[in-house]
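> show me how the following folds:
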Amino acid sequence: MAVEVERKFLVTSDGWRANAHGSCFCQGYIDTSDDTTVRIRIAGERAFITVKGPSQGMSRAEFEYPIPLADAKVMLRDLCRQPLIEKMRYDVPYGGKLWSVDVFGAENSGLVVAEVELDHPAEHVPLPPWVGEEVTEDPRYRNSALVSAPMLNGAAS
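Numbers count the residues shown, from 1 in each chain. Have a look, this model is predicted:
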């Protein structure tokens, strides 16, 4: 079984931008009846469907599969809750890890979050100087939650 282990932080400065390479993401969520999420994502010219299980601290089961881009566009339009999540994702190397910095647009404009995937929950990673408060276990910062409760300018609305 695939397991995602990640930590998530609010970004406090633009110090990450110097080494960043970004891609445009658009993603939506199909309603489910429990803590499981089903995500459709377009990243550049590639598309994926991802199923994630309930969170247990910073870990959760994750299954991701490529799907045809045309299918993803239809699913985002017809099956996903609106509004969709729009963001630029930047890959930023720091401390031997590849961090993802998401700069949100549309209803979540102004929110900037950094994530780092870990090999196991007890793994120690050096924190970059441009991250602040850890929000790993704060459900408000899950992308699936940002659909129904956007954070314009990085604050709950």
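> need the residue in the chain that's farthest from the chain's center.
Centroid-distance maximum for the chain: A70 at 22.0 Å, with CA atoms, centre = their mean.
> helix, strand or coil for it?
helix (DSSP: H, G, I helix; E, B strand; the rest coil).
> again with T32
Under the three-state scheme (three-state DSSP), T32 adopts coil.
> bridging residues for the nearest residue to it once chain neighbours are set aside?
Nearest residue to T32, sequence neighbours excluded (CB to CB, 6 or more residues apart in numbering): V38, at 5.9 Å. Quick note: C-beta positions are derived from backbone N, CA and C, even for glycine. Beta-bridge pairing of V38, defined through DSSP bridges, involves I30, V51.
> please report how far V38 lies from L98.
Going from V38 to L98 by CB to CB, to the nearest Å gives 25 Å.
> ditto for A43
Separation of A43 from L98 (CB to CB): 15 Å.
> between those two, tell me which one has more neighbours.
A count of neighbours by other CB atoms under 10 Å puts A43 above the other of A43 and L98, at 14 against 10.
> my guess is that one meets F25, correct?
Yes: between A43 and F25 there is a contact at 5.2 Å, judged by CB atoms under 8 Å.
> what residues do these two have in common as contacts?
Common contact partners of A43 and F25 (CB atoms under 8 Å, 6 or more residues apart in numbering): R89.
> still on that earlier bit, what sits against the residue nearest to T32?
Counting by CB under 8 Å, 6+ apart, V38 makes contact with Y29, I30, T32, I49, T50, V51.
> now render these as CSV, adding neighbour count, pLDDT and distance to L152.
Listed next are the contacts of V38 as CSV, based on neighbours: other CB atoms under 10 Å; pLDDT from 0 to 100; distance: CB to CB, whole Å:
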residue, neighbour count, pLDDT, distance to L152
Y29, 25, 96, 19
I30, 16, 95, 24
T32, 12, 82, 26
I49, 17, 98, 28
T50, 16, 97, 25
V51, 16, 96, 29
